[in-house]
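**Student:** Would you be able to build a 3D model of this:
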Amino acid sequence: MARLRPGPVARLIGGLLLAAVASATAAAAELRPAPGDDLQAVLAAAAPGDVVRLGAGRYRGPVTIDRPLALAGVEGTLLEGDGKGSVITITASDVTVTGLTITGSGLDLPAMDSAVLVRRSARHAVIRGNRLENNLFGVYLHGAAGSLVVDNTIVGRRDLRLSEAGNGVSIWNAPGAEVVGNDIRYGRDGIFVTTSKRNVFRDNRFADLRFAIHYMYTQDSRIVGNRSHGNHAAWALMYSDRLEIRDNVSEGDRDHGLLMNYVNDSTVTGNVVLNSAGKCLFIYNAHRNRIEGNRFQGCPIGIHFTAGSERNAVSGNAFVGNRTQVKYVGTRTVEWSHDGRGNYWSDNAAFDLNGDGIADRAYRPNDIADDILWRYPLAKLLLNSPAITALRFAQSRLPALLPGGVVDSAPLMAPPATGGPHS
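**Tutor:** Down below sits the predicted model:
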C-alpha cells in the first residue's frame, strides 16, 4: 500500500512543533563561567531563556543584561563593580537576578548608580534573594513595570551624608511593582517611590534610615505588614491617594511613626506606633481618610492634626500613654467617633454605668488649659495648681467656654485589638 505523504499544512504544523521543542531545549541551557572569566562576554553569548550560573568566588562587573535570562549565584558568589556606574544594568524584560552578593556601584545620584538598575524597557524583572552591600542605590526600578524585589538584604553606605546617599529600593513610574520581604538598613530611604501606581510594599524590615517608606505622587497602592525601628520616620506618605496602610509596626522611630501630607481617600488600619520620640501620627492637609483600629502609644504627641484636614473618620483607635494625646491646630469642632463608637484614651477617667463599653461622657482631649499650655509652655508649672483645676471645673459647667477641637462622643472603655504585637 502506498505511503501517504503529509500535506503542506501538516508539514507546517510539524515544523512549528519541532521549532518549539528546539526553542524550549535551547531555553534550558545553563552556562557556568569561572570567576576569572569575562562575565559580560558570557552574558552577550547567552540565548534568551538561558541560566548563567555563577559558583562561589569573585566576578567582575559592571555588566549589562539585554536579553531575558537568569543570572544566579550560590553562597559565596560575589559580583563586584569598579566603583563607576551600576554593577548590573538590566534593559530586557523577564530577567531574574538571584543568589548574588553585589557591591561596588558608583556614587552618581543623577545617574542612578545602583547594585541593580532596571531600565524602563525591562518589564517583569525579578530581583530575589541577593545581598546588596555598600552601593549608592540597592535596586532602582526606573519605569520597570511589574517587577519584583523579594527577600533581599540591602545594606547601604554609612560613609555618606544623608543628602549624598541613595535609597534601598527606588521606584519611578513602575506600575504593579512589588517590594516584599526585604531587610533594608542604612542610606537615605528604605523604599522611595514617586509617580507610580498599584505598588505593593509588604513584610519588609527597616532600620537606621531617614524614612522607612517614602511615598510621593503614588496612587492605589498598599503598605502592609512592614516593620520600622530606629528611623527618623517610618511611613512618610505625601501627595498620594487611595492608599491602604495596614498592620505595620513602627517602634522607636525618632520623629514620626506615620506622616500623612496631602494624602486623601486612604485607609489606615491595624497599625501600631510605639515610643516615637516625636509624634505617633502627623496629619497635614489630608482629607477623607479612614483611620481605624490603630494603636498609638508612648509618644510625646499621639496625633498632631492640622492644616484644615477634613472629613476624616477616626474611630476604634487606642491612644495609650502619650504625653499629649491630641494636638489639634484649628478652631472648628471635629467629631472623632463613627456609628456610635469612638476611641480609647488612656487618660480618660470615665465611667460606664450601663456596661456597654462606651464611656458615659464625651472626651475632649483639648480644652482651654491645653491651649494655654501650648501657647505658654512655662505654664506647665501650674498644671496641678488650684487655678488650672478651677478653670477646668468652670469649663465643664459652662460649655460656651469650650474651644473648638476634637470631641469623642463615644469614647471606648478598653483598648480595641490591633494588627500589631499588642493585639
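
**Student:** Parallel or antiparallel, which strands does the helix or strand that contains residue 325 pair with?
**Tutor:** Residue 325 belongs to strand 324-328 when assigned by DSSP states H and E. With DSSP bridges as the test, strand 324-328 is paired with strand 301-306 (parallel).

**Student:** Tell me how far the partner strand lies from the chain's centre.
**Tutor:** 21 Å (Cα atoms, centre = their mean, to the nearest Å).

**Student:** pLDDT of that strand, averaged?
**Tutor:** Taken as a whole, strand 301-306 has an average pLDDT of 91.

**Student:** got a list of contacts for the helix or strand just after the strand holding residue 325?
**Tutor:** Using DSSP H and E, the helix or strand that follows strand 324-328 towards the C-terminus is strand 334-335. Strand 334-335 has contacts (Cβ atoms under 8 Å, 6 or more residues apart in numbering) with 305, 328, 404, 405, 406, 407, 408, 409. C-beta: built from backbone N, CA, C; applies to glycine.

**Student:** Just flag the most distant two among these.
**Tutor:** Spatially, the most separated pair among these is 305 and 409, at 16.8 Å (Cβ to Cβ).

**Student:** circling back: may I see the PyMOL selection of the buried members of the contacts of strand 334-335?
**Tutor:** Restricted to buried positions by 16 or more other Cβ atoms under 10 Å, the PyMOL selection for these reads:
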select buried, resi 305+328+405+406+407+408+409
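
**Student:** how about the strands in the stretch 251-400 of the chain?
**Tutor:** Under the criterion DSSP state E, counting those that start in this stretch, strands of the stretch 251-400 of the chain are mapped to 256-264, 267-269, 272-274, 279-284, 290-292, 295-297, 301-306, 313-315, 318-320, 324-328, 334-335, 344-345.

**Student:** thinking again about what came up before, check what contacts the strand holding residue 325 and list those residues.
**Tutor:** 300-306, 319, 334, 345, 347, 365-366, 370, 374, 405-406.

**Student:** again with stretch 246-256
**Tutor:** In contact with stretch 246-256 (Cβ under 8 Å, 6+ apart) are residues 212, 222-236, 257-258, 267-282, 419-421.

**Student:** Are any of these buried, and if so which?
**Tutor:** 212, 222-229, 231-236, 257-258, 267-274, 276, 278-282, 419-420.

**Student:** so where is the stretch 101-250 of the chain shaky, pLDDT-wise?
**Tutor:** Applying pLDDT under 70 to the stretch 101-250 of the chain flags no residue at all.

**Student:** what sits against residue 345?
**Tutor:** By Cβ under 8 Å, 6+ apart, the neighbours of residue 345 are 319, 325, 363, 365, 408, 411.

**Student:** And these, which is the shakiest by pLDDT?
**Tutor:** Among these, residue 365 has the weakest pLDDT, 81.

**Student:** hmm, back to that, save the strands of the stretch 251-400 of the chain as JSON lines, and put in distance to residue 74 too.
**Tutor:** As requested, the strands of the stretch 251-400 of the chain are exported to JSON lines (distance: least, Cβ to Cβ, whole Å):
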{"stretch": "strand 256-264", "distance to residue 74": "39"}
{"stretch": "strand 267-269", "distance to residue 74": "42"}
{"stretch": "strand 272-274", "distance to residue 74": "38"}
{"stretch": "strand 279-284", "distance to residue 74": "44"}
{"stretch": "strand 290-292", "distance to residue 74": "46"}
{"stretch": "strand 295-297", "distance to residue 74": "43"}
{"stretch": "strand 301-306", "distance to residue 74": "49"}
{"stretch": "strand 313-315", "distance to residue 74": "51"}
{"stretch": "strand 318-320", "distance to residue 74": "47"}
{"stretch": "strand 324-328", "distance to residue 74": "53"}
{"stretch": "strand 334-335", "distance to residue 74": "58"}
{"stretch": "strand 344-345", "distance to residue 74": "51"}
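
**Student:** Let me know how buried residue 255 is, in neighbour terms.
**Tutor:** 17 (other Cβ atoms under 10 Å).

**Student:** and it, how far is that from residue 237?
**Tutor:** 14 Å (Cβ to Cβ, to the nearest Å).

**Student:** quick one, helices of this structure?
**Tutor:** 8-27, 39-45, 368-375, 386-397 (DSSP state H).

**Student:** Which of those comes out lowest on mean pLDDT?
**Tutor:** Looking at these, the bottom one is helix 8-27 with a mean of 46.

**Student:** So what touches stretch 273-285?
**Tutor:** 234, 249-262, 289, 291, 294-309, 312, 322.

**Student:** Also stretch 124-134?
**Tutor:** 73, 90, 93-104, 115-116, 118, 138-139, 141, 144-157.

**Student:** Name the nearest residue to the most centrally placed residue in the chain, sequence neighbours excluded.
**Tutor:** The residue lying closest to the centre of the chain (Cα atoms, centre = their mean) is residue 213, at 3.6 Å. In this structure, residue 213 finds its nearest non-sequential neighbour in residue 191, 4.8 Å apart by Cβ to Cβ, 6 or more residues apart in numbering.

**Student:** Tell me what that neighbour is bridged to.
**Tutor:** residue 169, residue 213.

**Student:** Quick check: nearest residue in space to residue 199, chain neighbours excluded?
**Tutor:** residue 221 (4.3 Å).

**Student:** repeat for residue 318
**Tutor:** In this structure, residue 318 finds its nearest non-sequential neighbour in residue 415, 3.7 Å apart by Cβ to Cβ, 6+ apart.

**Student:** Report how many residues lie close to residue 52.
**Tutor:** Neighbours around residue 52, by other Cβ under 10 Å: 21.

**Student:** And for residue 356?
**Tutor:** By other Cβ under 10 Å, neighbour count at residue 356 equals 11.

**Student:** pLDDT value on it, please?
**Tutor:** So, for residue 356, pLDDT stands at 93.

**Student:** roughly how far apart are it and residue 320?
**Tutor:** 21 Å.

**Student:** Repeat that for residue 133.
**Tutor:** Distance, residue 133 to residue 320, by Cβ to Cβ: 39 Å.

**Student:** same check, this time on residue 234
**Tutor:** Distance of residue 234 to residue 320, computed by Cβ to Cβ: 18 Å.

**Student:** follow-up on the earlier one: save the contacts of strand 334-335 as TSV, and put in distance to residue 108 too.
**Tutor:** Output for the contacts of strand 334-335, formatted as TSV (distance: Cβ to Cβ, whole Å):
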residue	distance to residue 108
305	41
328	45
404	51
405	50
406	48
407	53
408	52
409	56
